[in-house]
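Asks: next input, structure requested:
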Amino acid sequence: MWADVLGRDRVFADDDFFALGAHSLMAIRVVARVKKELGTALSIRDVYRRPLLRDFAEFVRATHVGAAATAER
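Replies: Next comes the predicted model:
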């Protein structure tokens, strides 16, 4: 997802979204893609607070799993 938004062939777990040239509009695109593909709502702040792919991916996973568990109740 990050690679697509950034227009790169690939990104690595320790890459920093903003150091790779991203800006606020790209962060909006990432949040929109997460919502569309996973059904998980995030805020732009979530991207800014976790600019490393590894940290962002873990946050998205935890948020998605938490939302799914809440929905099952």
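Asks: shaky segments in the chain?
Replies: Low-confidence segments of the chain, defined by pLDDT under 70, span residues 66-73.
Asks: phi and psi next, for residue 16.
Replies: The phi and psi values for residue 16, taken as degrees, to the nearest 10, are phi -100, psi 120.
Asks: mind listing the helices for the protein?
Replies: Counting by DSSP state H, residue ranges of the helices within the chain are 2-6, 24-38, 44-49, 53-72.
Asks: ranking the ones you listed by burial, who's on top?
Replies: For the helices of the chain, average neighbour numbers computed from mean count of other CB atoms under 10 Å are highest in helix 2-6, which has a mean of 17. For every residue, glycine as well, the C-beta is placed using N, CA and C.
Asks: how far away from the center of its chain is that helix?
Replies: When C-alpha coordinates are averaged (CA atoms, centre = their mean, to the nearest Å), helix 2-6 and its chain have centres 10 Å apart.
Asks: so residue 13 touches residue 55, yeah?
Replies: No. Using CB atoms under 8 Å, residue 13 makes no contact with residue 55, being 9.1 Å away.
Asks: ok, so what distance separates the closest residue to residue 2 other than its chain neighbours from residue 54?
Replies: Sequence neighbours aside, residue 11 is the residue nearest to residue 2 in space, at 4.8 Å (criterion: CB to CB, 6 or more residues apart in numbering). Counting by CB to CB, to the nearest Å, the separation of residue 11 from residue 54 is 10 Å.
Asks: same check on residue 40?
Replies: 18 Å.
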